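1. Model the following, please.
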Amino acid sequence: MFDFIDFNKVTSVKLSEDVDLSEFDCSLRDTLGLNEFIHKEAIEYQENDLGVTYLFYYEGVIIGYVTVAMSRLRGRLVPTEEDEKSIRWYPALLIGRIAVHNFCRDLDIGSYLCEWCVGYAQTLAEDIGCKFVYADTNDAVRGFYEKCGFVCIKEGDNIVAFRRI
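-> The predicted model follows:
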């Protein structure tokens, strides 16, 4: 669909019921149920205050989405920095879902969405406190988060990917 994305022209809007998602498809290599979530569950999550989904547009086309929520990251997973107090839980922004349109793969949109989440968390940190951005993921997606500057730690059957803000 696109050969290049000018990220200065990407806009984001909060998902609402009147948005037409019929052309959006992120089912390619979808090991986490991201396509089903955006089409069948995202509005309900939002209505129940479980997460807010933001859609990202380029030239009038939805190129991706993120769903974020407030959360906490277990302190024992995180190495403390010098002069930093170690606590049991750190306030964190959870990336609950992150997906890119099938026709926009390999254009660094996923990296852009991660950076948007980090920027959003930095804004939250000024108003309510937020120390990390993190996602619960799996081995299939681990490399993506590492490419985006996240540290990945295996915890049970899951991977916890986190990035200090």
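2. which regions of this structure lie under the pLDDT threshold?
-> 82-84 (pLDDT under 70).
3. which strand is the longest one in it?
-> Selection of the longest strand in the chain by residue count, based on DSSP state E, yields strand 61-74.
4. mind listing what it pairs with, with the direction of each?
-> Using DSSP bridges, the strands paired with strand 61-74 are strand 52-58 (antiparallel), strand 89-100 (antiparallel).
5. which outside residues touch the first one?
-> Strand 52-58 has contacts (CB atoms under 8 Å, 6 or more residues apart in numbering) with 2, 5-6, 9-15, 19, 38, 42, 45-46, 62-69, 97, 104, 109, 112-113, 116. To be clear about C-beta, it is placed using only N, CA and C from the backbone, and glycine gets the same treatment.
6. Give the buried residues for that strand.
-> Buried residues in strand 52-58, defined by neighbour count with 16 or more other CB atoms under 10 Å: V52, T53, Y54, L55, F56, Y58.
7. ok, now the longest one?
-> Counting neighbours by 16+ other CB under 10 Å, one finds that the buried residues in strand 89-100 are Y90, P91, A92, L93, L94, I95, G96, R97, I98, A99, V100.
8. which residues sit in contact with the residue nearest the centre of the chain?
-> The centroid of the chain falls nearest to I95 when counting by CA atoms, centre = their mean (3.7 Å). Taking CB under 8 Å, 6+ apart, we find I95 in contact with V66, T67, V68, C114, C117, V133, Y134, A135.
9. what residues are up against the last one?
-> Right, the one you point to is A135. So A135 contacts L94, I95, G96, I98, Y145, F150, V160, A161, F162 (CB under 8 Å, 6+ apart).
10. Tell me what angle the lengthiest helix in the chain forms with strand 61-74.
-> In the chain, ranked by residue count with DSSP state H as the criterion, the top helix is helix 109-127. Comparing the axes of helix 109-127 and strand 61-74 via axes from the mean of the first three to the mean of the last three CA atoms, to 10 degrees yields an angle of 50 degrees.
11. how far does stretch 28-47 stretch from start to finish?
-> Distance between the boundary residues of stretch 28-47 (CA to CA, to the nearest Å) amounts to 27 Å.
12. Not including adjacent chain positions, what is the nearest residue to M1?
-> Nearest non-adjacent residue to M1, counting by CB to CB, 6 or more residues apart in numbering: F103, 3.6 Å away.
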